[in-house]
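A.B. asks: Build me a structure from this.
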Amino acid sequence: MEERAFIQAVSERTGLSRQESADLTRATLETLAHRLSSGENRNLMPELPDGLAESVRRGATDQIEVFDYAETVRRVAERNVLRTDEADSGVRAVLGTLREAISEKEFGHLMSQLGSDFSQPIAD
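C.D. replies: Next up is the predicted model:
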């Protein structure tokens, strides 16, 4: 999936503008990258368009941070000056779009590192 299509899918899911959706997508990917191992980040980046892969690269750290879904939403809301419900909707939209944009195998690896509390938001 190309970056433009990815951002459009997030925009359609959230009702936010294209620019807001682009900012939210980048913030979500950078935040999620903090939770992933360096190997998982390296495996994820080739499956994403260059601009979105760059967001993962920027968020990658040597030390995996441990935080839950609610903290992810809080961080995304803070970075994008969004209400919590808007950030929650946005993180859900990015995860749902990732499920469509990357291979099933890679999405499974991503979700296994994120943990079970990340599965419920995209199942809703």
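
A.B. asks: what mean pLDDT would you report for the helix or strand hosting residue 43?
C.D. replies: For residue 43, the enclosing helix or strand under DSSP states H and E is helix 38-44. The pLDDT scores in helix 38-44 average 94.

A.B. asks: could you say what helices and strands whichever helix or strand comes after it packs with?
C.D. replies: Going down the chain from helix 38-44, the next helix or strand is helix 50-59, by DSSP H and E. In terms of contacts (3 or more Cβ pairs under 8 Å, 6 or more residues apart in numbering; DSSP states H and E), helix 50-59 is packed against helix 3-14, helix 18-35, helix 38-44. Glycine gets a C-beta too; all of them are placed from N, C-alpha and C.

A.B. asks: 6 Å - rerun?
C.D. replies: Here helix 50-59 touches helix 18-35, going by 3 or more Cβ pairs under 6 Å, 6 or more residues apart in numbering; DSSP states H and E.

A.B. asks: List the buried residues for the helix it packs on?
C.D. replies: For helix 18-35, a neighbour-count test (16 or more other Cβ atoms under 10 Å) marks 20-35 as buried.

A.B. asks: Mind telling me the two of those residues farthest from one another?
C.D. replies: Spatial extent of the buried residues of helix 18-35 (Cβ to Cβ) is set by the pair 20 and 35 at 23.1 Å.

A.B. asks: What lies in contact with stretch 31-48?
C.D. replies: With Cβ atoms under 6 Å, 6 or more residues apart in numbering as the test, stretch 31-48 has contacts from 53, 56, 59-61, 64-65, 72, 75-76, 102, 106, 113-114.

A.B. asks: Tell me which two in those are the farthest apart.
C.D. replies: Maximum distance among the contacts of stretch 31-48 (Cβ to Cβ): 22.9 Å, for 75 and 106.
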